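In: sequence and predicted structure below; questions after.
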Amino acid sequence: MEREVVIASSLVVVGDEVKGEDEGRKDQQPSLPLSSSSSTSSNCTSRTSSLDDDGSSHSQSSYYYETETVADDGDDSDEYGEDITLIQNNTKKRMKKHKHKRNKRSSTEHRVDFVRDTCIHCCNSFWLELVIWFVLVLAVSIVVVSLVLKQKVELSPEDEACMVYCEGDILSSVSKYKLFNDSKIFVDLPMAAHPKVIIKAFSKLTDVNANTVRKFVDEYFDGVGSDQETWVPPHFPSRPVFYDNLYNETMKGFAVDVHNIWKLLGRRVKTNVSETQEQNSLIYLPHPYVVPGGRFREVYYWDTFWIVRGLIQSGLTDVVRGIIGNYFHLLDTFGFIPNGNRVYYLTRSQPPLLSEMVMALYEATGNETDLEIALPYLEKEYSYWNTTDAKQANFDGVRLTKYGADTTKPRPESFAEDTTTASAAGMDEDQQRQFFKNVATGAETGWDFSSRWFADKQHLYSIRAADVVPVDLNVFLLRYEKNLMTIAQKVSGDPSKSSMYRNAMYSRGSAMVTMMFNVSTCAFHDVLYSTGEQIPSLTAANYFPLWAGNIFDDGIQSCLFMSLQSSAFIQAGGIDTTLVHTGQQWDKPNAWAPIQWILAKGLDAVGTVEGRKLALKIKCNWLKTTLIAYNNTGFMYEKYNATEVGKGGGGGEYTPQLGFGWTNGVVLDFLADIAGSYNILCF
């Protein structure tokens, strides 16, 4: 018979320790790794070693005595008993020996365990900190992405409107198929649905041609001008305030007729525009206003100054206060005053004349409350012109200002004209972007367009308006500083503020003399920003510093006066704009109301008999040419022919316009200046 004898079955050796059977079985359970990342952190997961008495090491492991099978002869119990007794005695000795070795090495193992536990703790802390940082970075990234997406998704109503009016397939298709003879008509049409709906509908057109595009426009857009309503000021006076001072009966009748034109040019934005701004190119204004007329169905920044001058002479100061309030509204909304209240004009401004409007109202009413209300708005606009990068012109510490539109795309209101010019000139993409920026900047100057801005003095494609530092802009800002100084003195209660603007005014004047004044021509010249060199050609704007008053010394003012007096600019029908024929409207032979007014007022400010005499000549010539043209046609023109008395001007991108806001304003202001002396002074 066979029997199985378990040799040393009660002994288990683990890591050189001898344990009892039950304890040994317990230690046979698989051990957990130090960390879930033990395979990647060798410094923290290296296996611990035990040291033998002789100092040698071995890895922890388990040793088991194995079972042994022997034959059972039945009578060998004593022999087997002796063998078992011997084994048991040897085992006891071995157990005693291992117990001694374990006690001897306990301090060493304690240190090893401490190092192991510390390593585990460090690893766990490292990975925990890494996870925390990962979660924080992820959270911040989610917030940033959300804000960016929110900005992209949550467009302003004006931006939404611009998806249709300022760029895109609809605008380019309308231009391509020449639906209108004037590009401005399309971008002035109110939308009949949300722009996203219209864009989606257009994308579904299977055949885009002239007929389908025209049908689409008829379906999705309302009529031009349907976003406004005609407005007549309440209690409209029957005659201008200076009427009784006039003795010439013809001029009396002319004055009343021009005065009454305001009733034809008054407008008010319909209420629904403010509720659906995204469907309109017209920007909502809270107060009624007066438009220039013709294709110009909205307010225009620098035009408004001379409209304001005329409204004051008509006794409509409340209307003027509302108009100024509209510009405050635009400053609140956009941070600057755009070219006009259309979304497609939000890439540029126009000559900054808001402070002149405020001062004109104050001089008419004496109400200092108007100045108190205006001061923070004027400071805001002044800051815009002095901090916007594209408008800064610094020459080694000598600081002046230039124009600079914020776009490199075609003007929406002249989309066909701009793209055609660029294409005809064979421009590449970069040249087109530069051209579009310069042509929009040219529009910002108010002189759109003139040889004054052309590199070759003849062709629009050579326009470089963004590189020109203009004399007139710096005169406007010099006067802005002067007006801020005056207003601050009256209402701010802070002498340092007034002093700050005074210093800025004289600093600009000094910079203008340094960079712009030319002793040889006795005139101020535009400067090319890229080179710092004066542009030799002369325009009427070279003499605008006359309007700066006593900022420049008497020698410079006297020199300016003599240069203008002897120039070829003064013609029978008005002061010529330039001396160059190009076919552009701000070139010879056109005469414009703002130029007549600025130079006449500037010559009055010189304070000499000769200066006032020349100023009077300019006023009389303007009144004569406008009166004759009105009697012949029944219209007031945007511009006139300087060389032919009584004839409207021409040239430019559009047909001559009637109305006309600033012409009316200058006529009324000049009539108020001359009044009862007209018969004596002008004949």
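Out: Noted; the coordinates are in hand.
In: please make it C-alpha for all contacts and neighbour counts, starting now.
Out: Fine.
In: who's in contact with residue 293?
Out: 265, 657, 658, 659, 660, 661 (CA atoms under 8 Å, 6 or more residues apart in numbering).
In: ramachandran coordinates for it?
Out: Torsion angles at residue 293 (phi, psi; degrees, to the nearest 10) stand at phi 120, psi 170.
In: okay, now the unreliable bits of this structure?
Out: 1-124, 145-153 (pLDDT under 70).
In: hmm, 90 instead?
Out: 1-154, 549-550, 652-658, 676-683 (pLDDT under 90).
In: next, residue 524: phi, psi?
Out: Dihedral angles of residue 524 (phi, psi; degrees, to the nearest 10) stand at phi -90, psi 140.
In: now do residue 233
Out: phi -60, psi 130.
In: before we move on, the earlier item: of the contacts of residue 293 - the most surrounded one?
Out: Per-residue neighbour counts (other CA atoms under 10 Å) across those peak at residue 661, which has 31 neighbours.
In: so who does it touch?
Out: Taking CA under 8 Å, 6+ apart as the definition of contact, the neighbours of residue 661 are 265, 290, 291, 292, 293, 303, 304, 306, 307, 638.
In: need those residues in a markdown table (columns: distance to residue 548 and secondary structure).
Out: A markdown table is the format used below for the contacts of residue 661 (distance: CA to CA, whole Å; DSSP: H, G, I helix; E, B strand; the rest coil):
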| residue | distance to residue 548 | secondary structure |
| --- | --- | --- |
| 265 | 31 | helix |
| 290 | 28 | strand |
| 291 | 28 | coil |
| 292 | 27 | coil |
| 293 | 30 | strand |
| 303 | 20 | helix |
| 304 | 20 | helix |
| 306 | 18 | helix |
| 307 | 21 | helix |
| 638 | 26 | coil |
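In: quick check, nearest of these to residue 611?
Out: Minimum separation from residue 611 among the contacts of residue 661 (CA to CA) is found for residue 306, which lies at 22.2 Å.
In: before we move on, the earlier item: farthest pair in the contacts of residue 661?
Out: Set against one another by CA to CA, the contacts of residue 661 have their most distant pair in 290 and 638, with a gap of 14.7 Å.
In: who has more neighbours out of those two?
Out: Neighbours of residue 290 and residue 638, each counted by other CA under 10 Å, are more numerous for residue 290; the result is 28 against 23.
In: which residues touch the residue nearest to the more buried one when sequence neighbours are not counted?
Out: Across the structure, with CA to CA, 6 or more residues apart in numbering as the measure, the residue nearest residue 290 apart from its sequence neighbours is residue 266 (4.5 Å). Applying CA under 8 Å, 6+ apart to residue 266 gives the contacts 230, 231, 232, 233, 288, 289, 290, 291.
In: also residue 337?
Out: By CA under 8 Å, 6+ apart, the contact set of residue 337 is 301, 327, 330, 331, 349, 350, 381.
In: ok, and the closest non-adjacent residue to the last one?
Out: Excluding the flanking residues, the one nearest residue 381 by CA to CA, 6+ apart is residue 336, at 5.9 Å.
In: does that neighbour really touch residue 384, like I thought?
Out: Yes: here residue 336 lies in contact with residue 384, judged by CA atoms under 8 Å, at a distance of 6.6 Å.
In: so which strand or helix has the residue nearest to residue 381?
Out: If you go by DSSP states H and E, residue 336 is not part of any helix or strand.
In: can you report how many residues lie near the nearest residue to residue 651 once chain neighbours are set aside?
Out: Beyond its immediate neighbours in the sequence, the residue positioned closest to residue 651 (CA to CA, 6+ apart) is residue 585, lying 4.7 Å away. By other CA under 10 Å, 25 other residues sit near residue 585.
In: what about the strands in the stretch 301-450 of the chain?
Out: Taking DSSP state E, counting those that start in this stretch as the criterion, the stretch 301-450 of the chain carries its strands at 392-395, 398-401.
In: need the helices for the stretch 401-550 of the chain, in chain order.
Out: If you assign secondary structure with DSSP state H, counting those that start in this stretch, the helices in the stretch 401-550 of the chain sit at 415-424, 429-444, 471-491, 495-516.
In: between those helices, which gets nearest to residue 595?
Out: Ranking those by proximity to residue 595 (CA to CA) places helix 471-491 first, at 10.4 Å.
In: got the contact list for that closest one?
Out: Defining contact as CA under 8 Å, 6+ apart, one finds that helix 471-491 is touched by 351-353, 355-356, 359, 368, 371-372, 375, 378-379, 382, 400-402, 445, 494-495, 497-502, 504-505, 508-509, 512, 516, 524-526, 541-542, 544-545, 547-548.
In: try stretch 537-545
Out: If you take CA under 8 Å, 6+ apart as the criterion, stretch 537-545 is touched by 452, 471-472, 475, 523-526, 560, 564, 569, 575-579, 595, 598-599, 602.
In: filter those down to the ones in strands?
Out: Among those, the members found in strands (DSSP state E) are 523, 524, 575.
In: report the buried members of those.
Out: If you count burial by 16 or more other CA atoms under 10 Å, the buried members of the ones in strands among the contacts of stretch 537-545 come out as 523, 524, 575.
In: now render those residues as a markdown table, adding distance to residue 422.
Out: Formatted as a markdown table, these follow (distance: CA to CA, whole Å):
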| residue | distance to residue 422 |
| --- | --- |
| 523 | 34 |
| 524 | 32 |
| 575 | 32 |
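In: residue 223 contacts residue 190, doesn't it?
Out: Yes: using CA under 8 Å, residue 223 is in contact with residue 190, at 7.0 Å.
In: for those two, indicate the residue with more neighbours.
Out: Neighbour tally, residue 223 and residue 190, criterion other CA under 10 Å: the higher count belongs to residue 190, 25 against 14.
In: how much space between the more buried one and residue 213?
Out: Using CA to CA, to the nearest Å, residue 190 is found at 16 Å from residue 213.
In: list the residues that contact residue 517.
Out: So residue 517 contacts 523, 524, 525 (CA under 8 Å, 6+ apart).
In: from the residues you listed, which single one is nearest residue 171?
Out: Minimum distance to residue 171 across the contacts of residue 517 is 39.2 Å, recorded for residue 525 (CA to CA).
In: now do the contacts for that closest one.
Out: Contacts were defined as CA under 8 Å, 6+ apart; by that measure residue 525 touches 470, 471, 516, 517, 518, 534, 535, 536, 537, 538, 542.
In: 7 Å instead?
Out: Residue 525 makes contact with 471, 516, 517, 518, 534, 535, 536, 542 under the criterion CA atoms under 7 Å, 6 or more residues apart in numbering.
In: same question for residue 590.
Out: Applying CA under 7 Å, 6+ apart, the residues contacting residue 590 are 576, 577, 639, 640, 641, 642, 649.
In: return the closest of those residues with respect to residue 277.
Out: Distances from residue 277 to those, taken as CA to CA, are shortest for residue 639 (33.1 Å).
In: returning to what we had before: of the contacts of residue 590, which is the most crowded?
Out: Neighbours were tallied for each of the contacts of residue 590 (criterion: other CA under 10 Å), and the maximum of 29 neighbours falls on residue 640.
In: specify the local secondary structure of that residue.
Out: strand (DSSP: H, G, I helix; E, B strand; the rest coil).
In: please consider this matter closed, and thank you.
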